[in-house]
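Enquirer: Predicted coordinates and the sequence they were generated for:
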There are 2 protein chains.
Amino acid sequence: MNDIKDRIECAAALAKVTTAEAAAEYIKDDMNVGVSGFTPSGYPKAVPLALAAKVKAGAKIKINLYTGASVGPELDGELAKAGAINRRAPYQTNKDMRNAINNDEIKYTEMHLSMSAQNIRYGFLPNRRGIDLAIMEVCKIKDLGNGQVGLVPTTAVGNSPSYVQTAKQVIVEVNTTQPVELEGMHDLFVPLDPPNRKPIMIEHPWDRIGTDYVACPLDKIVAIVPCDITDKTRPLGAIDDDAKHMGQNLVAFFKKEVAEGRLPKNLLPLQSGVGSVANAVINGLVNSEFEHLTVYTEVIQDGMFDLIDAGKLDIASGTSLSPSPECLKKFYANLDKYKPHLLLRPQEISNNPEVSRRIGVIAMNTAIEVDIYGN
Amino acid sequence: MNDIKDRIECAAALAKVTTAEAAAEYIKDDMNVGVSGFTPSGYPKAVPLALAAKVKAGAKIKINLYTGASVGPELDGELAKAGAINRRAPYQTNKDMRNAINNDEIKYTEMHLSMSAQNIRYGFLPNRRGIDLAIMEVCKIKDLGNGQVGLVPTTAVGNSPSYVQTAKQVIVEVNTTQPVELEGMHDLFVPLDPPNRKPIMIEHPWDRIGTDYVACPLDKIVAIVPCDITDKTRPLGAIDDDAKHMGQNLVAFFKKEVAEGRLPKNLLPLQSGVGSVANAVINGLVNSEFEHLTVYTEVIQDGMFDLIDAGKLDIASGTSLSPSPECLKKFYANLDKYKPHLLLRPQEISNNPEVSRRIGVIAMNTAIEVDIYGN
């Protein structure tokens, strides 16, 4: 067990530090388990691996797994292979899980990612229970006093605030591969539900409306587990000539819109899809004359870091940092430089139609083919 | 010409009163014309008929027609038959126009109805001009002083505020079949465009955030035309046994959701589709135990009036009043009773995803078949 004491400010919390195997004992058959993570970033790793091992060894446990979106192989892959999943929502991209879903071994519901947290708060899960147990990866546990701790997220926010807020029990994974200096890069806000909901007061991508930690009563936390397994972000394809041309076309289009008065000089907040092509298109802006660009998107990838390097990006707001492994290293090594330009929010807010419509995002996505069967 | 003097508070405006034929002279070939109206309610009638007659008599005029949504036969029907339309957006349901569109005689673009006003403000029309001429049906013209008048809408708001605000010239139809007492039933607000847009501060269907008239500089108004042609709203089908059962099922579902704590006792704001079945389903609530219901929808039809009669509806907010001809008569004859329960807004606001998501509408629509070709 690696030493996580310097990441836990609260003395009473230290008593809850235990092993992944001991923590996995809290996970019972048919539980609704809500976890941190969005793309292969910021998801719990040690406890899911311990659960998968336990089920492979014969334990009769099938959980209902609710995430932010897709997560890494230690979670979706290992639990699917172990047969430890009954239901799964709101999104996934793992091959083993897809096969299990298509074989009717796992019941899968795809949901609008911005609506998954409120659906769960509303009590809309199939078994009409809320989240029984939340598992959240953090880089630090703060002492808020009065029996409350502050859980500081890592490279993704996803649905963590709502899962922790509504769960009966919480397991915390303190991941020592995630720099403790990530603290301050998050803005966490859970709206009230109708009929009491108020406007989400974001008018610009840099606006902050919440806390930079998830508040949690210490007595809901049943286990704190150290983890030294890294995020498994994926490499992005090289930027080929086609992608370069797409980027140039995009820049030419933007220049014309600005010249004719239909866009401000620094454009409007960019919202970009995920993957190699989307990343390459964003990269086209690196070699443009545009400055003071802003981004209000879901997943932040390499192109955004290139824009920061070029001094062209003021702020990128998203719910997940999912750069290539190489770029993730660059980010960790230069946190002071990148952190002021990055802001991670719950997916309920990053993907919210209220905010997207208000701030007027320039939404871009890429699809050459759509496979409605293979997921 | 019927006497409209008592509906025009502003002496300087009186000098602009003229005939529909004289007003139609302001409509030139290739103009972008933006009109009031949403469903066969609140649309201009006299000037379009005069334009259709002029084109049928040989005038070479084809306009680009932008409305709220579908409108009445005097507008879409007569102009399509006359061959007086080049482009049409954002929505229509007229048979003659559909045929002309399918024969490639009219270029048609269907748009999200909440986005049409902002697309036009953005300068996104195909010819890259804004609205050249707006035609708005009103029940009254107020004197706001300082060379400004207030145009009071009738049975629909649609896109009137943005069309009048952005148009170079405005023609006003004062419709004497529309009671002057409609004044006060509207809440008109045009958001700023990004990057300056602020939250739309509606938290409940009854919230008011704007004026009850469209402000317009008097010198933009080129003609004021009297009109005594009625709205051509359509009869609704009788409520048959199937529809009654649907209504009963809906009520049973709501009761269960309330009993299990997933909905407040008076539900959440209802959003209902248009037409006989949707209307019948809403009618099911008339015989239920629910009280203090609220509605945040697009088109207000007979079922809402039945709910008001039963004392069960606090407020219905929409962009158009489109009851059956029989119910419209009932409304006109009992304005004092119904007006406090009705509020008409621009379709940009009634159909806005920011507000719908925030207030948590219960959205219901009906489709037994979808025809993606025949419109």
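Expert: Right, received. Where do you want to start?

Enquirer: And the helices in the stretch 151-300 of chain A, which stretches?
Expert: Counting by DSSP state H, counting those that start in this stretch, the stretch 151-300 of chain A has helices at residues A:160-166, A:241-259, A:276-284.

Enquirer: Of all the residues in the stretch 101-250 of chain A, which one is nearest chain B?
Expert: The nearest approach of the stretch 101-250 of chain A to chain B comes at residue A:194, 2.7 Å away (CB to the nearest CB). (Glycine included, C-beta is placed from N, CA and C.)

Enquirer: So what does that residue look like in phi/psi?
Expert: Phi and psi for residue A:194, reported as degrees, to the nearest 10, are phi -60, psi 150.

Enquirer: same check, this time on the one 3 residues further on
Expert: Geometry field for residue A:197 lists phi and psi as phi -70, psi 140, criterion degrees, to the nearest 10.

Enquirer: what's it in contact with, if anything?
Expert: Residues near residue A:197 by CB atoms under 8 Å, 6 or more residues apart in numbering or on different chains: A:191, B:203, B:358-360.

Enquirer: same thing with residue A:144?
Expert: Residue A:144 sits in contact with A:150, A:213, A:215, where contact means CB under 8 Å, 6+ apart.

Enquirer: which of those residues are buried?
Expert: A:150, A:213 (16 or more other CB atoms under 10 Å in any protein chain shown).

Enquirer: Output the contacts of residue A:144 in TSV, with distance to chain B appended to each entry.
Expert: Output for the contacts of residue A:144, formatted as TSV (distance: CB to the nearest CB, whole Å):
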residue	distance to chain B
A:150	27
A:213	25
A:215	23
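
Enquirer: Going by distance to residue A:264, which of the contacts of residue A:144 wins?
Expert: residue A:213 (34.1 Å; CB to CB).

Enquirer: quick one: that closest one and residue A:188 touch, right?
Expert: Yes - counting by CB atoms under 8 Å, residue A:213 does reach residue A:188; the two are 6.9 Å apart.

Enquirer: Now do the shared contacts for the two.
Expert: residue A:153.

Enquirer: ok, back up a step: which residues does the nearest residue to the residue of the stretch 101-250 of chain A closest to chain B once chain neighbours are set aside contact?
Expert: Of all residues beyond its chain neighbours, the one nearest residue A:194 is residue B:360 (2.7 Å), with distances taken as CB to CB, 6 or more residues apart in numbering or on different chains. Residue B:360 is in contact with A:193-195, A:197, B:268-269, counting by CB under 8 Å, 6+ apart.

Enquirer: Against residue B:118, how distant is the residue of the stretch 251-375 of chain A found nearest chain B?
Expert: The stretch 251-375 of chain A approaches chain B most closely through residue A:360 (2.7 Å), counting by CB to the nearest CB. When CB to CB, to the nearest Å is the yardstick, residue A:360 and residue B:118 sit 9 Å from each other.

Enquirer: Can you check which residues contact both of those two?
Expert: Listed as contacting both residue A:360 and residue B:118 by CB under 8 Å, 6+ apart are residue B:193.

Enquirer: who are the neighbours in contact with the closest residue to residue A:89 other than its chain neighbours?
Expert: Leaving aside its sequence neighbours, residue A:89 sits nearest to residue A:109 (CB to CB, 6+ apart; 4.3 Å). Shown in contact with residue A:109 (CB under 8 Å, 6+ apart): A:87-90, A:126.

Enquirer: Take the residues you listed and lay them out in JSON lines including pLDDT, neighbour count and distance to residue B:136.
Expert: Shown next, in JSON lines, are the contacts of residue A:109 (pLDDT from 0 to 100; neighbours: other CB atoms under 10 Å in any protein chain shown; distance: CB to CB, whole Å):
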{"residue": "A:87", "pLDDT": "98", "neighbour count": "18", "distance to residue B:136": "53"}
{"residue": "A:88", "pLDDT": "98", "neighbour count": "24", "distance to residue B:136": "53"}
{"residue": "A:89", "pLDDT": "97", "neighbour count": "19", "distance to residue B:136": "48"}
{"residue": "A:90", "pLDDT": "97", "neighbour count": "23", "distance to residue B:136": "45"}
{"residue": "A:126", "pLDDT": "90", "neighbour count": "12", "distance to residue B:136": "50"}
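
Enquirer: Understood, closing this out.
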